[in-house]
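In: Got a predicted structure here, sequence first:
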Amino acid sequence: MTKDIVIMTNKFVIFGKVRLMKRNTRRPTDAELTILQVLWDRGPSTVREVYKILNSGKDVGYTTVLKVMQIMTDKALVERDESCRPQLYRPRLPREQTQRQLIKDLADRAFGGSAKRLVMQALEEKKASVSELAQIEKLLNRLERGEK
């Protein structure tokens, strides 16, 4: 009986770790997104370069930026080039792909998977310019024709 409990506990722990890993790699935190924005805009950067940019807008510590970027490496949000010193960090995924993942996650969690409800709520909350509305209309027309 003890052996069965150990096996069940091990399966639970392993399953829990797998679920945690999937969840962590799927959705970056606000701090991680801020760092990703810097890396997407600048390209491969050192921790110090990211720190200087982030510190210019608000009071943030170097070790905090370092720790968050280490966590992001563990979560596979960024890749670290260890062949050079200081090490360079780059986003693992392009900005657009990360945005698509975030939108899909938000649509699934908050809008029951409904793209219509997501878009309607977004347009009601944040007014779109005439130019943006024209682009949205163009996209909708393309999608209606079955084009990507």
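Out: Here it is on my side, so go on.
In: mind listing what the residue nearest to residue 89 when sequence neighbours are not counted touches?
Out: In space, residue 89 comes closest to residue 78 once its chain neighbours are excluded; the distance is 4.8 Å by C-beta to C-beta, 6 or more residues apart in numbering. C-beta coordinates here come from the backbone N, C-alpha and C atoms, glycine included. The contact partners of residue 78, by C-beta atoms under 8 Å, 6 or more residues apart in numbering, come to 35-36, 39, 69, 72, 89-92.
In: Out of those residues, which end up buried?
Out: 35-36, 39, 69, 72, 89, 91-92 (16 or more other C-beta atoms under 10 Å).
In: Among these, name the ones in strands.
Out: Mapping the buried ones among the contacts of residue 78 onto strands (DSSP state E) picks out 89, 91.
In: So in terms of bridging, what pairs with residue 89?
Out: Note on residue 89: beta-bridge partners by DSSP bridges are residue 45, residue 80.
In: ok, it to residue 45 distance?
Out: Distance check for residue 89 against residue 45: by C-beta to C-beta, to the nearest Å, it reads 6 Å.
In: overlap in contacts of these two?
Out: With C-beta under 8 Å, 6+ apart, residue 89 and residue 45 have common neighbours residue 39.
In: thinking again about what came up before, just give me the closest of the buried ones among the contacts of residue 78 to residue 135.
Out: Nearest to residue 135 out of the buried ones among the contacts of residue 78 is residue 36 (C-beta to C-beta; 24.2 Å).
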